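Peer 1: Here you go, sequence then predicted model.
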Amino acid sequence: MFDSLSGKLQNAFRNLRGLGKISEANVGDALREVRLALLEADVNFKVARDFIERVKTKSLGAEVVQSIQPGQQIIKFIHDELVDLLGSTNAGLNLGGNPACLMMVGLHGAGKTTSSGKLAKLLLKQGRQPLLVAADVYRPAAMDQIATLGQQLGIPTFVKKGETDVLKIAREALAHAKDTNRNTLLFDTAGRLQIDEPLVQELVRLRDLIKPQEILLVLDAATGQEAVNVATHFDQALNITGAILTKLDGDARGGAALSLKAVTGKPIKFAGVGEKLDEFEPFHPERMASRILGMGDVVSLVEKAAEAVDLDEAKRMEEKMRKGEFSLEDFLDQLRQMKKLGPLENIVKMLPGGAEVAAKQDLSKEEKKFRRMEAMICAMTLKERRNPVLLNASRRKRIAAGSGTSVTELNTMLNQFFSMQQMMKKMGKMQKMMSRMGGGMAGMFGRR
């Protein structure tokens, strides 16, 4: 979502890095580009103006550290202010109730129901016992959608088809939660195409009945500045505790995310980063600021890898690589592990400087190559995967036909695999030799 803003800020930073000294004139010129980048990203005008003023004041009042270039110091100030603008730290959920109640509110089409399911899945992984409550009695498919989500996630739902009294549904859901030992209720409430008084009053009555620990406003990032107006209206009516920003994987300009905390004072707590039910994550301002500024987000990447990779399996694979026993079956496992991390473009962007790489290269082509490699290996027998030297001309022809690829593609993939295998063997031998040398040297020093 922040690709356009990130690109423009990178251009502005090129001028900043060239600053020989900090003066009011050259800082003003450099920050003018940053201000334009923020405004073009649909950031609220007052928010952008105040942001630039704070950076300018810090820059002109700071003593330049000798080991750091003036421009780099200003970039750090921009990073720090961006973190503050997004909310400083991740704001967790208050789950202190018995049971804890969470109200999911927002306009029709913002993604409330899906976000309810995603959040329930996240809470389940954290050891909570969630219950999804269908509290939207107006949208025909809303209750069916909650029931379907519950089945997909293995999470209980409370659905009362035909019931039109939201308060009655809420009372029965609370009683059901106590009977079944569910400690976290997520109320998926009704939305409208625009805010109206009947909607607001119904939500107020529901809030007063269930006394929720969290009132989470679900906002579509693609609505831009209008999202901030919607947040302001909901906050005035319900006193929301935070927001969930959906469709961060889309091509919206990002102004809503950058303006929301500054305008409403309420933090973004979660972000929907894709359509799949596991593409949902806590919103970390510092990590998001680093992504926007092209500095990557290695911490989030490590967390994703920790979830996707089996450590025992990784150790076993490392041992096989060192011994030169890495087979096509192992390579297939590695390809599938990498797929669990998400789209290649998203992974690359989490690396420092990765945003520029992703902008210059069409990583979707590389991802397509990985899928074709997977298809080729899947078309082999288990014996062939474990012992690829068996792959003669007739076998290769059969595999290419079975995977929908060409023999040339298959040959290229196999040649790359054999080269990688040889390199791993050499590295393994070198590692053994170095460890022997290290042991010998340690012995020599020990005898002194």
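Peer 2: Sure, I can see it. Since this is a predicted model, take the numbers as computed values, not measurements. Residues are numbered from 1 along each chain as shown.

Peer 1: can you give me the strands for the stretch 251-400 of the chain?
Peer 2: Using DSSP state E, counting those that start in this stretch, the strands of the stretch 251-400 of the chain run over 268-272, 280-282.

Peer 1: For those, give me JSON lines that also has mean pLDDT and mean neighbour count.
Peer 2: For glycine as for every other residue, the C-beta is placed from the backbone atoms N, C-alpha and C. Output for those, formatted as JSON lines (pLDDT from 0 to 100; neighbours: other C-beta atoms under 10 Å):
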{"stretch": "strand 268-272", "mean pLDDT": "89", "mean neighbour count": "24"}
{"stretch": "strand 280-282", "mean pLDDT": "87", "mean neighbour count": "19"}
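
Peer 1: Tell me which of the ones you listed lies nearest to E214.
Peer 2: Checking the strands of the stretch 251-400 of the chain against E214 by C-beta to C-beta gives strand 268-272 as the closest, at 8.2 Å.

Peer 1: So what are the sheet partners of the closest one and their directions?
Peer 2: strand 242-246 (parallel), strand 280-282 (antiparallel) (DSSP bridges).

Peer 1: Save those as a markdown table, and put in distance to L93 too.
Peer 2: Putting the strands paired with strand 268-272 into a markdown table (distance: least, C-beta to C-beta, whole Å) gives the following:
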| stretch | distance to L93 |
| --- | --- |
| strand 242-246 | 8 |
| strand 280-282 | 9 |
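
Peer 1: V200 is nearest to which of these?
Peer 2: With C-beta to C-beta as the measure, strand 242-246 is the member of these nearest V200 (17.2 Å).

Peer 1: Quick one: residues contacting the nearest residue to K121 once chain neighbours are set aside.
Peer 2: In this structure, K121 finds its nearest non-sequential neighbour in L153, 5.2 Å apart by C-beta to C-beta, 6 or more residues apart in numbering. Contacts here follow C-beta atoms under 8 Å, 6 or more residues apart in numbering; on that basis L153 touches 117, 120-121, 124, 277.

Peer 1: How about L39?
Peer 2: 45, 48.

Peer 1: could you say which helix or strand contains it?
Peer 2: helix 24-40 (DSSP states H and E).

Peer 1: and that helix, average pLDDT?
Peer 2: Computed over helix 24-40, the mean pLDDT rounds to 77.

Peer 1: got it, and stretch 426-445?
Peer 2: According to the model, stretch 426-445 has a mean pLDDT of 56.

Peer 1: Show me what counts as buried in the helix holding L39.
Peer 2: 26-27, 30-31, 33-35, 37-38 (16 or more other C-beta atoms under 10 Å).

Peer 1: still on that earlier bit, let me have the strands of the stretch 251-400 of the chain in JSON lines, extended by distance to S406.
Peer 2: JSON lines is the format used below for the strands of the stretch 251-400 of the chain (distance: least, C-beta to C-beta, whole Å):
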{"stretch": "strand 268-272", "distance to S406": "39"}
{"stretch": "strand 280-282", "distance to S406": "39"}
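
Peer 1: Tell me which of these lies nearest to I240.
Peer 2: strand 268-272 (10.3 Å).

Peer 1: now that closest one, how far from the chain's geometric center?
Peer 2: Strand 268-272 sits 9 Å away from the centroid of its parent chain (C-alpha atoms, centre = their mean, to the nearest Å).

Peer 1: One more: stretch 186-194?
Peer 2: Per C-alpha atoms, centre = their mean, the centroid offset for stretch 186-194 relative to its chain is 24 Å.

Peer 1: buried set for that stretch?
Peer 2: Here stretch 186-194 shows 186-191 as buried, counting by 16+ other C-beta under 10 Å.

Peer 1: Can you tell me the number of residues neighbouring T408?
Peer 2: 9 (other C-beta atoms under 10 Å).

Peer 1: nope, E366 is what I was after
Peer 2: Other residues close to E366 by other C-beta under 10 Å number 12.

Peer 1: do the same with H284
Peer 2: H284 has 22 neighbouring residues, counting by other C-beta under 10 Å.

Peer 1: Would you state the helices of the stretch 251-400 of the chain in chain order?
Peer 2: 255-264, 285-292, 298-308, 311-323, 328-340, 344-349, 354-360, 363-378, 382-386, 393-403 (DSSP state H, counting those that start in this stretch).

Peer 1: Quick check, E367 in contact with P343.
Peer 2: Yes. Under the criterion of C-beta atoms under 8 Å, E367 makes contact with P343 at 6.8 Å.

Peer 1: Next up, phi/psi of the residue nearest the centre of the chain, please.
Peer 2: What sits nearest the mean C-alpha location of the chain, by C-alpha atoms, centre = their mean, is V273, with 5.0 Å. Dihedral pair for V273: phi -110, psi 20, per degrees, to the nearest 10.

Peer 1: That one touches P282, doesn't it?
Peer 2: No. Using C-beta under 8 Å as the test, V273 is too far from P282 to be in contact (11.1 Å).

Peer 1: how about low-confidence regions in the stretch 251-400 of the chain?
Peer 2: Counting by pLDDT under 70, the stretch 251-400 of the chain shows low-confidence ranges at 251-256, 291, 294-311, 313-314, 318, 321-324, 344-346, 348-362.

Peer 1: Where does I195 sit: helix, strand or coil?
Peer 2: coil (DSSP: H, G, I helix; E, B strand; the rest coil).

Peer 1: what does A134 give?
Peer 2: strand.

Peer 1: Not counting stretch 229-241 itself, show me its contacts.
Peer 2: 94, 103, 105-107, 195, 200, 203-204, 207, 213-217, 219, 223, 243, 260, 263-264, 266.

Peer 1: what's the closest of the buried residues of stretch 186-194 to Q422?
Peer 2: Closest to Q422, out of all of the buried residues of stretch 186-194 and judged by C-beta to C-beta, is L186, at 53.6 Å.

Peer 1: Let me see the backbone angles for the closest one.
Peer 2: phi -110, psi 110.

Peer 1: Let me see the confidence value for it.
Peer 2: 96.

Peer 1: again, but for A401
Peer 2: pLDDT, A401: 93.

Peer 1: Report the residue ranges of every domain in this protein.
Peer 2: The chain breaks down into these domains under automatic domain parsing: 3-86, 100-295, 310-435.
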